[in-house]
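> Compute the structure for the input listed below.
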Amino acid sequence: MLRNVSAHLEIDVAGRTNMVFSLAVAQANLLESEKLDIVLNGQRLLPAELVDRHGSRLHELISEQGRMTVDYSAAVRGQALPAPVDPMDLIVYLRPSRYCESDSLAPTAQSEFGGLSGTALLDAIGTWVHDRLYYVPGSSRVTDGAVGTLLARQGVCRDYAHLVIALLRGIDVPARMVAVYAPGLSPMDFHAVAEAYVDGTWHIVDATGLAPRQSLVRISTGRDAADIAFLTNHWANITLRDLSVLAVVDELPVDDPSLLVQLR
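Residues are numbered from 1 along each chain as shown. Next up, the predicted model:
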């Protein structure tokens, strides 16, 4: 399986600021090629690369005022082996977090899914969230969490993932959020899915059903959207003028939602 991914950003930077990009595929991916170009006012900038314990690769730099363009591309060959399970994750990803209020949703989760486990549990939660939400681009705010999403009955991929994660944690199943490149996604963009720890390893839950899970490429991993943003900055304002994402695979898989799938 060969997957080609890319992202293009155009940003107006109002003043001197610290910027952190999360565009690069995670460290465990098998790369045939990769390129990252960051240009400010015609001059190329060289960011520092930082890698977290999940292999998420962040690129940090200090930018001055001006117009910035960012271009990232990579060719990923085959699939990496799943990362070893970290016992710390089984603690951290059971806790409520900013966007995944599992403490508030625990009664709902226990009422709807108590007694289920393994494949049956993941299928039930994914179907439940899919059937109760409408996918509406632009419908959610960056501050909305799982509770707000359930009340509004609409959202985008991050909102679906937040609700899945909160419900899983609400019945004591470790769950986390992953930013991915998603071949087959329409409309094309960065995508967010949940990962649940069942049967001794991590498995993908994508309640949107918008892209085959087998071809996803991991970018970053964390508690919720606060940990996996593709861009963060501090000190000065920035304006994102343009964003385009592309992810293609040589042969698009056919996904069977009833099967467990690992993100590799």
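> Leaving out the residues flanking it, which one is nearest to residue 35?
residue 73 (5.2 Å; C-beta to C-beta, 6 or more residues apart in numbering). (Each C-beta comes from the backbone N, C-alpha and C, glycine too.)
> try residue 229
residue 22 (6.5 Å).
> Check residue 123 too.
residue 258 (6.0 Å).
> and residue 80, what pLDDT?
At residue 80, the pLDDT value in this model is 76.
> give the contact list for it.
28-30, 264 (C-beta atoms under 8 Å, 6 or more residues apart in numbering).
> can you count the residues close to residue 145?
A count of neighbours around residue 145, defined by other C-beta atoms under 10 Å, yields 22.
> quick one on the thing from earlier: what's the burial count for the residue nearest to residue 229?
Neighbour count of residue 22, defined by other C-beta under 10 Å: 21.
> mind listing the strands for the stretch 151-264 of the chain?
In order along the chain, the stretch 151-264 of the chain carries the following strands (DSSP state E, counting those that start in this stretch): 154-155, 175-181, 191-198, 201-205, 217-222, 231-234, 238-249.
> ranking the ones you listed by burial, who's on top?
A comparison of the strands of the stretch 151-264 of the chain by mean neighbour count, using mean count of other C-beta atoms under 10 Å, puts strand 175-181 on top with a mean of 27.
> Could you give the average pLDDT over that one?
Mean predicted confidence for strand 175-181 is 98.
> Just give the closest residue to residue 72, not the sequence neighbours.
Residue 72 sits nearest to residue 23 (C-beta to C-beta, 6+ apart), 4.4 Å away.
> What residues does that neighbour make contact with?
7, 36, 59, 70, 72, 219, 230 are the contacts of residue 23 under C-beta under 8 Å, 6+ apart.
> check contacts around the residue lying closest to residue 222 once chain neighbours are set aside.
Distance criterion C-beta to C-beta, 6+ apart; nearest residue to residue 222, sequence neighbours excluded, is residue 228 at 5.0 Å. Contacts for residue 228 (C-beta under 8 Å, 6+ apart) come out as 22, 56, 177-179, 192, 219-222.
> follow-up on the earlier one: how about the strands of the stretch 151-264 of the chain in CSV, adding distance to residue 106?
Putting the strands of the stretch 151-264 of the chain into CSV (distance: least, C-beta to C-beta, whole Å) gives the following:
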stretch, distance to residue 106
strand 154-155, 20
strand 175-181, 13
strand 191-198, 16
strand 201-205, 18
strand 217-222, 21
strand 231-234, 30
strand 238-249, 35
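> Please give the element, helix or strand, for residue 106.
Using DSSP states H and E, residue 106 sits in helix 102-113.
> what packs against that helix?
helix 118-132, helix 146-152, helix 157-170 (3 or more C-beta pairs under 8 Å, 6 or more residues apart in numbering; DSSP states H and E).
> partner strands of the very next helix or strand once past the longest one, parallel or antiparallel?
Spelled out, it's helix 118-132. Following helix 118-132 in sequence order, the next helix or strand is strand 134-135 (DSSP H and E). Partner strands and pairing direction for strand 134-135 (DSSP bridges) are strand 154-155 (parallel).
> Touching the strand it pairs with from outside, list them.
133-136, 139-140, 144, 149, 163.
> Centre of the chain to it, how far?
Strand 154-155 sits 17 Å away from the centroid of its parent chain (C-alpha atoms, centre = their mean, to the nearest Å).
> same question, stretch 5-22
18 Å.
> what is the mean pLDDT for that stretch?
Computed over stretch 5-22, the average pLDDT equals 98.
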